[in-house]
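J.: next input, structure requested:
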Amino acid sequence: MSLQIGIIGTGWFGMMHAEKLAKRDGVKVAAFAATSQQKADLAAQRFEGASGYDSIYNMLDECKLDAVYVCVPPFAHGEIETALLDRSIPFLVEKPIGLDGQLPTAILKGIEEKKLITSVGYHFRYMDGTDRARELLRERTALMALGYWMGSMPGVSWWRKMEGSGGQFVEQTTHIVDLLRYTVGEVSEVYAAYGDRYMSSAEEGVTVPDVGTVTLKLAGGSVATISNTCAIPAGDRAGLHIYTNKGVLELGHSGLTDVEAGRKTEYANRNDPYELENDAFLHAVKTGDPSRIRSTYADALLTHQVTIAANESARTGLPVKL
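T.: Have a look, this model is predicted:
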């Protein structure tokens, strides 16, 4: 019997996950929920036997689903997760998991009470380069790290509003924060400075800062800086450089570069991290064994709290301890 999967959200992430899932043996993309019946039906038409719904409750009532993928903007979380918790349906949710710390904390309490299987879409954890970096760091001392997410502003209207996305550090750069936590260690304090340099005058309705730099102290004694901008039309990049006693580990979308004295070694990402993320989650749903999941909801909340603390620091001008 195939696992019956529902998808909530029909944007890029929802459709990307649906297409990957549909190619897997033993998995059926059974239902889509969207903000309109038209959007849901258009998505469902691409997958044999799938149905579309304009209500998550109708989808959950009418379809017997083994798991659900939640792929919605930051502001749309809460009601969806509560409905899945009420029905004890495992879910994979795309980051970020909310706009503040209170709602995800309440959701986590429900997850722990139900002992529900969850996964959060921090797919950088599943990169081959990340695995290799963690191996090398067992033999090296991480001194400091520099992270970055440099790019342009996404075209969707909700992203450019703080009440819609939480800003770039919460919505995009959270991947780099999570990568820092996963490779170097937990964050104990943050100090952030944000700026509004260009985008609010170039586009209507922009309330998110378009530049920012965050200094982070780590519990183990390392320090890090993570910067971002959503105002550049070209030259975009995202990654994390970890400076160690033996050189630099440069992690990015393509893999890992290990720079040592007189030597540079490349480790390419050969596997699709989204597929590995799906492997781990679906294995857990089938077997009840969550050990392959690298980012549970509880772990993802720790990353989310760092990004929320950065926003608070930028607002107040003061460091925030975690």
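
J.: any idea how far stretch 266-280 is from the middle of the chain?
T.: Its chain's C-alpha centre and that of stretch 266-280 lie 15 Å apart, by Cα atoms, centre = their mean, to the nearest Å.

J.: quote the end-to-end distance of it.
T.: In stretch 266-280, first residue to last residue: 26 Å (Cα to Cα, to the nearest Å).

J.: I'd like the average pLDDT over it.
T.: What stretch 266-280 shows for mean pLDDT is 98.

J.: show me what counts as buried in that stretch.
T.: Buried residues in stretch 266-280, counted by 16 or more other Cβ atoms under 10 Å: Y267, N269, P273, L276, E277, N278, D279, A280. In this view, the C-beta of every residue, glycine as well, is placed from N, C-alpha and C.

J.: also stretch 238-247?
T.: Applying 16+ other Cβ under 10 Å to stretch 238-247 flags A238, G239, L240, H241, I242, Y243, T244, G247 as buried.

J.: identify the spatial nearest neighbour of T118, chain neighbours not counted.
T.: Closest residue to T118 apart from its sequence neighbours, by Cβ to Cβ, 6 or more residues apart in numbering: Y297 at 4.1 Å.

J.: next secondary structure after the top helix by length along the chain?
T.: Ranked by residue count under DSSP state H, the longest helix found in the chain is helix 297-316. Going down the chain from helix 297-316, the next helix or strand is strand 320-321, by DSSP states H and E.

J.: okay, E19 and Q4: tell me how far apart.
T.: Distance, E19 to Q4, using Cβ to Cβ, to the nearest Å: 17 Å.

J.: so how far does stretch 85-99 reach from one end to the other?
T.: 20 Å.

J.: what about the helices in the stretch 1-150 of the chain?
T.: Ranges of helices in the stretch 1-150 of the chain, per DSSP state H, counting those that start in this stretch, are 12-22, 37-44, 56-62, 79-86, 102-114, 128-137.

J.: touching the third one from outside, list them.
T.: Under the criterion Cβ atoms under 8 Å, 6 or more residues apart in numbering, residues 6, 8, 31-33, 51, 53, 65, 79-80, 83-84, 87, 89 lie in contact with helix 56-62.

J.: give me that answer again for 7 Å
T.: G6, I8, A31, A33, Y53, I80, A83, R87 (Cβ atoms under 7 Å, 6 or more residues apart in numbering).

J.: show me which of the residues you listed are buried.
T.: G6, I8, A31, A33, Y53, I80, A83.

J.: does anything pack onto the strand or helix carrying Y274? Which helices or strands?
T.: Using DSSP H and E, Y274 falls within helix 273-287. Where contact means 3 or more Cβ pairs under 7 Å, 6 or more residues apart in numbering; DSSP states H and E, helix 273-287 is packed against strand 3-8, helix 12-22, strand 118-120.

J.: for the second one, give the mean pLDDT please.
T.: The pLDDT scores in helix 12-22 average 97.

J.: neighbouring contacts of it?
T.: For helix 12-22, the surrounding residues in contact (Cβ under 7 Å, 6+ apart) are I5, I7, V27, V29, A43, F47, Y69, C71, E94, Y274, E275, N278.

J.: partner residues bridging the third one?
T.: Okay, so that is V27. For V27, the beta-bridge partners are L3 (DSSP bridges).

J.: residues contacting it?
T.: Neighbouring residues of V27 by Cβ under 7 Å, 6+ apart: S2, L3, I5, L21, L282.

J.: again, only using 10 Å
T.: By Cβ atoms under 10 Å, 6 or more residues apart in numbering, the residues touching V27 are S2, L3, Q4, I5, K20, L21, D66, A67, N278, L282, V285, K286.

J.: again with the fourth one
T.: Shown in contact with V29 (Cβ under 10 Å, 6+ apart): 2-7, 17-23, 43-44, 46-50, 69.

J.: nearest to G166 among the contacts of helix 56-62?
T.: Of all the contacts of helix 56-62, G166 sits closest to I80, with 17.0 Å by Cβ to Cβ.

J.: show the pLDDT at the closest one.
T.: Looking at I80, the pLDDT reads 98.

J.: residue nearest the centroid of this protein?
T.: Centroid check for the chain by Cα atoms, centre = their mean gives K95 as the closest residue, at 3.3 Å.

J.: for it, give me phi and psi.
T.: Backbone geometry at K95, expressed as degrees, to the nearest 10, gives phi -70, psi 160.

J.: coming back round to it: buried subset of the contacts of V27, written for PyMOL?
T.: Buried subset of the contacts of V27, written as a PyMOL selection, criterion 16+ other Cβ under 10 Å:
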select buried, resi 3+4+5+20+21+66+67+278+282+285
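
J.: dump the contacts of V27 to TSV, plus distance to D131.
T.: Shown next, in TSV, are those (distance: Cβ to Cβ, whole Å):
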residue	distance to D131
S2	30
L3	26
Q4	31
I5	27
K20	20
L21	23
D66	28
A67	25
N278	17
L282	20
V285	23
K286	23
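
J.: between the contacts of V27, which is closest to A314?
T.: Looking across the contacts of V27 and measuring by Cβ to Cβ, the closest to A314 is N278, at 34.9 Å.
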